[in-house]
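> Sequence first, predicted coordinates after that:
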Amino acid sequence: MMMTDEMNDLAAFAIVARERSFTRAAIKLGVSQSALSHTIRRLEQRLELKLLARTTKSVAPTAAGAALLEDLSPALEQIRHALDKAQSIRRRPEGRLRIVMSRSAAVMVLLPRLRAFAEAYPDIVLDVVTVTGPVDLVAGEFDAGIQLGEYIQKDMIAVRVTPELRLAVIGSPRYFASRRIPEKPRDLSDHRCMTLRLAGGPYRWEFEQGRKSVTINVNGPLIIDDTHLVIQAALAGVGIGLAYEEQVAEHIAKRRLIRVLEDWTPPIPGFFMYYPSRQHQPAALSALVNALRHSGQKSARR
């Protein structure tokens with residue numbers, strides 16, 4: 001608190017010394033003349049120096065006051081410049097944003113919009129970290145993250161950045177050439193399945209058909225945290241995998257992969273961009289939120 005008081009008192013002294021008038025300085029500072037006079041007296045008493053010579057008609061810095069003003073002016077100007085720069089971050093989209101997301105989110109959400117965003121906001125740098133599990137944004141010093149809606153804490157602001165997604169159960173023609181294609185989720189127990197690790201733990205394969213709901217703990221040779229690697233393993237004939245429908249649509253269309261149990265895979269919430277608070281949001285973050293926002297969502301949700 002003392003440091004704050006001293007800074008305020010020194011700034012007030014500098015304005016009085018430059019204006020050479022308590023009246024004009026008080027107007028500039030938005031305080032009364034008596035309050036300003038008390039501030040200067042307090043500063044002089046603290047320093048045990050006479051800083052301003054006063055008469056009924058004029059005010060001028062003493063030799064000690066002039067020397068202090070000369071030393072003080074560059075520092076005050078630097079502080080003013082720093083404050084202006086800090087405020088510009090709030091007003092103008094610029095600076096570095098630290099964003100955390102899974103590799104799937106980076107490929108499906110960020111990369112398709114990245115060129116347009118970089119061209120529109122050349123002064124913004126996106127510092128992207130890819131992870132697999134939940135992340136504490138504040139502890140990790142991240143500005144925002146992108147995550148599946150079901151894993152986002154309820155106290156976060158969340159903005160939808162994709163429509164609802166569907167997972168696809170896939171395997172290669174080579175794998176199914178010597179194996180029976182599963183017709184029901186429980187048939188997966190007879191197959192080699194690659195387990196996807198989401199949000200820190202192995203994903204239990206969830207299926208729905210009408211009012212039926214089934215959760216399967218699959219077994220197989222691979223547990224991995226990246227759907228792109230699951231796809232590559234499935235293409236290689238390792239076993240049956242689970243990936244986002246969007247990621248495997250072309251492989252299915254070209255018959256490099258076979259999709260099974262399609263009528264058992266309901267939609268999931270999709271990806272959301274999330275961040276701690278709407279208050280004092282940097283312009284750069286607002287720009288990124290607006291660039292990634294899914295057209296179906298008009299506003300953020302808590």
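Sure thing, it's come through. Residues are numbered from 1 along each chain as shown.

> tell me which element residue 294 is part of?
Per DSSP states H and E, residue 294 falls between elements, in no helix or strand.

> How confident was the prediction at the residue nearest to it when sequence neighbours are not counted?
Leaving out its chain neighbours, the residue that sits closest to residue 294 by Cβ to Cβ, 6 or more residues apart in numbering is residue 160, at 4.5 Å. (Each C-beta comes from the backbone N, C-alpha and C, glycine too.) Per-residue pLDDT puts residue 160 at 96.

> can you check the one 5 residues further on too?
Per-residue confidence (pLDDT) for residue 165: 94.

> How about the contacts made by it?
Shown in contact with residue 165 (Cβ atoms under 8 Å, 6 or more residues apart in numbering): 244, 245, 246, 267, 268, 269, 270, 271.

> What does it show for phi and psi?
The phi/psi pair for residue 165 (degrees, to the nearest 10) reads phi -110, psi 160.

> rewinding a little: quick check on the contacts of residue 165: which are buried?
Neighbour counting with 16 or more other Cβ atoms under 10 Å marks 244, 245, 269, 270, 271 as buried within the contacts of residue 165.

> residue boundaries of the strands in the stretch 201-302 of the chain?
201-202, 205-209, 212-216, 222-224, 241-244, 258-260, 267-268, 271-275 (DSSP state E, counting those that start in this stretch).

> which other residues reach the last one?
Think strand 271-275. Applying Cβ under 8 Å, 6+ apart, the external contacts of strand 271-275 come out as 105, 108-109, 137, 143-149, 152-153, 156-162, 165, 281, 285, 288-289, 292-293.

> Can you get me a residue count around the closest residue to residue 205 other than its chain neighbours?
Nearest non-adjacent residue to residue 205, counting by Cβ to Cβ, 6+ apart: residue 216, 4.5 Å away. Other residues lying near residue 216 total 15 when counted by other Cβ atoms under 10 Å.

> now do residue 272
Using other Cβ under 10 Å, residue 272 has 27 other residues around it.

> List phi and psi for the closest residue to it other than its chain neighbours.
The spatial neighbour of residue 272 that comes closest, neighbours along the chain excluded (Cβ to Cβ, 6+ apart), is residue 158 at 4.3 Å. Dihedral pair for residue 158: phi -130, psi 130, per degrees, to the nearest 10.

> Beta-bridge partners for residue 158, please?
Counting by DSSP bridges, residue 158 forms beta bridges with residue 274, residue 301.

> That one: how many residues sit nearby?
Quick note: residue 158 (other Cβ under 10 Å) scores 21 neighbours.

> Residue 148 is in contact with that one, correct?
No: because the distance of 10.7 Å does not satisfy Cβ atoms under 8 Å, residue 158 is recorded as not touching residue 148.
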